[in-house]
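**Q** quick one: sequence plus predicted model below, questions after.
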Amino acid sequence: MPIRVFKVSGDSMLPTLRDGSYIMCWKSPFTQFKAGQILVIRHEQLGLIIKRAIQKDKAGYFYLAGDNPMSTSTDTIGAIHPKQVVGKLFYICY
């Protein structure tokens, strides 16, 4: 199970994640992702981003949003293919 550590940068996930916090995420070939989980994504234009999955469509694509209403919009982020998911959050260190 590959575990990765990331430093949170910005306030798009406030109040859940604060700027400067560290998170741990993991992903395996058998990992199932679902709405409500916080995911680390490799986005083509935005780079690595941390967002909450808010919906999964029938084709398996995810739609994401930040917890902060001022975060980048779901429309701007666009549909995310599961292969773009770096991992799902399982631990926060404030």
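**A** That came in fine, so what should we check first?

**Q** only C-alpha atoms for contact and neighbour calcs from this point on.
**A** Fine.

**Q** who are the contact partners of I41?
**A** 47-51, 84-87 (Cα atoms under 8 Å, 6 or more residues apart in numbering).

**Q** skip the chain neighbours and tell me the closest residue to it.
**A** V85 (4.6 Å; Cα to Cα, 6 or more residues apart in numbering).

**Q** pull the contacting residues for that neighbour.
**A** V85 touches 39-42, counting by Cα under 8 Å, 6+ apart.

**Q** which residue is nearest the middle of the chain?
**A** L39 (2.5 Å; Cα atoms, centre = their mean).

**Q** what about the strands in the protein?
**A** Along the chain, counting by DSSP state E, strands occupy 3-7, 22-26, 38-43, 47-56, 62-65, 85-93.

**Q** kindly reformat the ones you listed as a markdown table containing distance to T74.
**A** Output for the strands of the chain, formatted as a markdown table (distance: least, Cα to Cα, whole Å):
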| stretch | distance to T74 |
| --- | --- |
| strand 3-7 | 22 |
| strand 22-26 | 22 |
| strand 38-43 | 13 |
| strand 47-56 | 9 |
| strand 62-65 | 5 |
| strand 85-93 | 16 |
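
**Q** highest mean neighbour count out of the ones you listed?
**A** Of the strands of the chain, the one with the most neighbours on average (mean count of other Cα atoms under 10 Å) is strand 62-65, at a mean of 23.

**Q** what does it contact?
**A** Taking Cα under 8 Å, 6+ apart as the rule, strand 62-65 contacts 35, 51-56, 71-74, 77-82.

**Q** chain center to that strand: distance?
**A** 8 Å (Cα atoms, centre = their mean, to the nearest Å).

**Q** how about low-confidence regions in the protein?
**A** Along the chain, the model assigns pLDDT under 70 to residues 1.

**Q** T74 versus the residue of it most remote from its centre, what's the distance?
**A** The centre of the chain is farthest from one residue, K58, which by Cα atoms, centre = their mean lies 19.4 Å away. Using Cα to Cα, to the nearest Å, K58 is found at 17 Å from T74.

**Q** how far away from the center of its chain is stretch 79-92?
**A** 5 Å.

**Q** likewise for stretch 49-65?
**A** Put simply, stretch 49-65 sits 9 Å off its chain's centre (Cα atoms, centre = their mean).
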